[in-house]
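1. got a sequence here, can you build the structure:
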Amino acid sequence: MNNTTKILSLCAVLLAFPAFAADMNFTPKNDISLSGKIATVKTSKKFRNVESCQALCASRTSCVAFTLDTSKGSCTILRNVSKESSNENAVSGMKI
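-> Predicted coordinates:
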């Protein structure tokens with residue numbers, strides 16, 4: 001393979017990776033709030049539903065889980081999970 005072909009192949013793989021990450025499977029947990037090392041907290045209306053909060057987590061390689069707190073309107077993505085707590089206003093998910 002020549003260098004141009006190698007570079008084009010690498011570019012194709014890198015461009016395909018974000019699409020693969022967005023399809024990452026999650027284990028949903030209703031009425032559970034996860035705690036751990038926080039990567040990001042978003043309080044924008046854009047991230048106030050499970051699908052968008054999950055997509056935010058899937059788009060970050062460092063994210064292993066998310067918690068959507070519907071009462072606060074916040075999406076928290078976590079680098080690790082150290083604890084689960086009962087919370088009727090939360091929906092969480094962990095990457096499988």
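
2. CA only for contacts and neighbour counts going forward, please
-> Noted.

3. and for the closest residue to residue 71 other than its chain neighbours, the neighbour number?
-> Leaving out its chain neighbours, the residue that sits closest to residue 71 by Cα to Cα, 6 or more residues apart in numbering is residue 89, at 5.8 Å. When counting by other Cα atoms under 10 Å, one arrives at 15 neighbours for residue 89.

4. can you tell me the helix or strand for residue 89?
-> Per DSSP states H and E, residue 89 falls inside strand 83-95.

5. please save the CA atoms from that strand in CSV.
-> The C-alpha atoms that make up strand 83-95 are tabulated as CSV, following Å, rounded to 0.1, in the frame of the first residue of the first chain:
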residue,chain,number,x,y,z
LYS,A,83,-21.9,4.9,44.0
GLU,A,84,-25.6,4.4,43.1
SER,A,85,-28.4,6.2,45.0
SER,A,86,-32.1,6.1,44.8
ASN,A,87,-33.6,9.2,43.2
GLU,A,88,-37.1,9.2,41.7
ASN,A,89,-36.1,12.2,39.5
ALA,A,90,-33.2,10.5,37.9
VAL,A,91,-32.5,8.3,34.9
SER,A,92,-29.0,6.9,34.6
GLY,A,93,-27.1,4.8,32.1
MET,A,94,-23.8,3.0,32.1
LYS,A,95,-21.9,2.0,28.9
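
6. contacts only, for the closest residue to residue 91 other than its chain neighbours.
-> Closest residue to residue 91 apart from its sequence neighbours, by Cα to Cα, 6+ apart: residue 30 at 4.6 Å. Applying Cα atoms under 8 Å, 6 or more residues apart in numbering, we find residue 30 in contact with 88, 90-92.
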